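Asks: When you get a sec, could you give me coordinates for this:
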Amino acid sequence: LSYLSFENMPTIFIMSGLPFSGKSTLSKKIAEELGISRISFDETWTQIEQEQGSIPGLDNLEKWKYINEQCEEKVRKFLTAGTSVVYDNLGHDFGQREKIRKLASEVNAASQVIYLDVSKDEVIERRRANLKLKTRAQVSDKNFDKALADFEPPSKEENALSYNSSQDLGLMFQDLLNQI
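Replies: Numbering: from 1, shown residues only. Here you go, the predicted model:
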């Protein structure tokens, strides 16, 4: 399955990149321009925390798994209904991305990884700027360091659409539209 079948079947666009790489910005633009839904891990976490007071789980790993399950259920509902969706999550390793691709395949949907190839130095600088500007939720030092250490960029076999920070966001998006 690939992005080329977007017009013929529902597609999940799986965002992948380090924290502060621009996944949320691009995922919002994709959803808006294509008129499709967007599911955000961070926004789901915040919503559940506001509604329930806390995230179920004894530790951060259990809480992370719980939020992932909630997001994946939303993804499944959209794709099953024949609706394409952008999934704004870390997409941090092959296993996580493969799990979402398999979910799409189970409901006869296509999948496409969109990788934001931003250097560790740049995301560290963006995070520093965010500490001052507070334009988005902050990531704890422990979780940020873990994300930097554990991140696996998509392999060639994953056929990801890859973008880097030197490209203009508008041009990046236009390139995506041209390919689907």
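Asks: packing partners for the longest strand seen in the chain?
Replies: Counting by DSSP state E, the longest strand found in the chain is strand 110-117. The contact analysis (3 or more Cβ pairs under 8 Å, 6 or more residues apart in numbering; DSSP states H and E) places strand 110-117 against strand 11-16, helix 23-34, helix 94-106, strand 161-164. Quick note: C-beta positions are derived from backbone N, CA and C, even for glycine.
Asks: Could you export these as JSON lines, including distance to residue 119 and mean pLDDT?
Replies: Listed next are those as JSON lines, based on distance: least, Cβ to Cβ, whole Å; pLDDT from 0 to 100:
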{"stretch": "strand 11-16", "distance to residue 119": "15", "mean pLDDT": "95"}
{"stretch": "helix 23-34", "distance to residue 119": "15", "mean pLDDT": "88"}
{"stretch": "helix 94-106", "distance to residue 119": "20", "mean pLDDT": "95"}
{"stretch": "strand 161-164", "distance to residue 119": "8", "mean pLDDT": "83"}
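Asks: Would you format the ones you listed as CSV with distance to residue 40 included?
Replies: Formatted as CSV, the helices and strands packed on strand 110-117 follow (distance: least, Cβ to Cβ, whole Å):
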stretch, distance to residue 40
strand 11-16, 9
helix 23-34, 7
helix 94-106, 14
strand 161-164, 19
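Asks: Out of these, indicate the one that is most buried.
Replies: Greatest average neighbour count among the helices and strands packed on strand 110-117 goes to strand 11-16 (a mean of 27), per mean count of other Cβ atoms under 10 Å.
Asks: What are the contacting residues of that strand?
Replies: With contacts defined as Cβ atoms under 8 Å, 6 or more residues apart in numbering, strand 11-16 is touched by 3, 5, 23-24, 26-27, 30, 75, 79, 84-92, 97, 100-101, 103-104, 109-116, 153-154, 160, 180.
Asks: helix or strand right after the top helix by length along the chain?
Replies: Longest helix in the chain, counting residues (DSSP state H): helix 60-80. For helix 60-80, the following helix or strand on the C-terminal side (DSSP states H and E) is strand 85-88.
Asks: Does that next one pack against any helices or strands, and if so which?
Replies: By 3+ Cβ pairs under 8 Å, 6+ apart, strand 85-88 packs against strand 11-16, helix 23-34, strand 37-40, helix 41-52, helix 60-80.
Asks: looking at the ones you listed, which is closest to residue 132?
Replies: helix 23-34 (18.4 Å; Cβ to Cβ).
Asks: Now do that closest one against strand 110-117, angle only.
Replies: Between helix 23-34 and strand 110-117, the angle comes out at 140 degrees (axes from the mean of the first three to the mean of the last three Cα atoms, to 10 degrees).
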